[in-house]
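> Next input, structure requested:
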Amino acid sequence: MKSLWVANICNVILCPLLINGLGPIPALGLTGAAVATATGRSIGVLYQCYHLFRGRGLMRLTARHFKIDTAIIRSLVKIATPGIFQFVIASCSWIVLARLVAVTGGEDGSAGYQTALRLMMFLCCRPGV
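Have a look, this model is predicted:
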């Protein structure tokens, strides 16, 4: 949870700076939003790795935790394959729709579409809803 806070706070700070520009920082528009999101998420992952490998928390990862067990991997792939295909089909449909909106609505239409999608996922796709 803390890593999500760190990533989102970085994203909230970087988005206005990179989208609109400020002082020596040029305005990047939609590209700035993408860079801000990727940077914020990367910082969140680095925060997680620091705490997982540091060894002072409840969990501590070491090299032995990364040993490959092919039997378990084969079993997981066999179980997960139908779900993977279902996810790929759904993701491809979202990508096609996003492309159509971007072509017909431009940056404003694309921004509105992505905002609506995120709101829909937050409001409609929670467990128990």
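
> Give me the helix or strand of the protein that scores worst on average pLDDT.
helix 70-124 (a mean of 88; mean pLDDT, DSSP states H and E).

> Show me what the helix or strand encompassing residue 50 is packed against.
Per DSSP states H and E, residue 50 falls inside helix 30-54. With contacts taken as 3 or more C-beta pairs under 8 Å, 6 or more residues apart in numbering; DSSP states H and E, helix 30-54 sits against helix 2-20, helix 70-124. All C-beta spots, glycine's among them, are computed from the backbone N, C-alpha and C.

> Export the ones you listed to a markdown table and append columns for distance to residue 64 and mean neighbour count.
As requested, the helices and strands packed on helix 30-54 are exported to a markdown table (distance: least, C-beta to C-beta, whole Å; neighbours: other C-beta atoms under 10 Å):
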| stretch | distance to residue 64 | mean neighbour count |
| --- | --- | --- |
| helix 2-20 | 24 | 16 |
| helix 70-124 | 15 | 11 |
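
> Pipe these into a markdown table and attach distance to residue 48 per row.
A markdown table is the format used below for the helices and strands packed on helix 30-54 (distance: least, C-beta to C-beta, whole Å):
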| stretch | distance to residue 48 |
| --- | --- |
| helix 2-20 | 5 |
| helix 70-124 | 22 |
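
> wait, which of these is closest to residue 34?
helix 2-20 (8.8 Å; C-beta to C-beta).

> could you give the angle of the closest one to helix 30-54?
160 degrees (axes from the mean of the first three to the mean of the last three C-alpha atoms, to 10 degrees).

> which residues touch helix 2-20?
Helix 2-20 is contacted from outside by 22, 25, 27-33, 35-37, 39-41, 43-45, 47-48, 51, using C-beta atoms under 8 Å, 6 or more residues apart in numbering.

> Give me the buried entries from those.
28, 32-33, 36-37, 39-41, 43-44, 47, 51 (16 or more other C-beta atoms under 10 Å).

> Is it possible to get CSV of these that adds pLDDT?
Formatted as CSV, those follow (pLDDT from 0 to 100):
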residue, pLDDT
28, 85
32, 89
33, 91
36, 92
37, 94
39, 95
40, 95
41, 96
43, 97
44, 95
47, 93
51, 85
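
> Going by distance to residue 121, which of those residues wins?
Nearest to residue 121 out of these is residue 37 (C-beta to C-beta; 15.6 Å).
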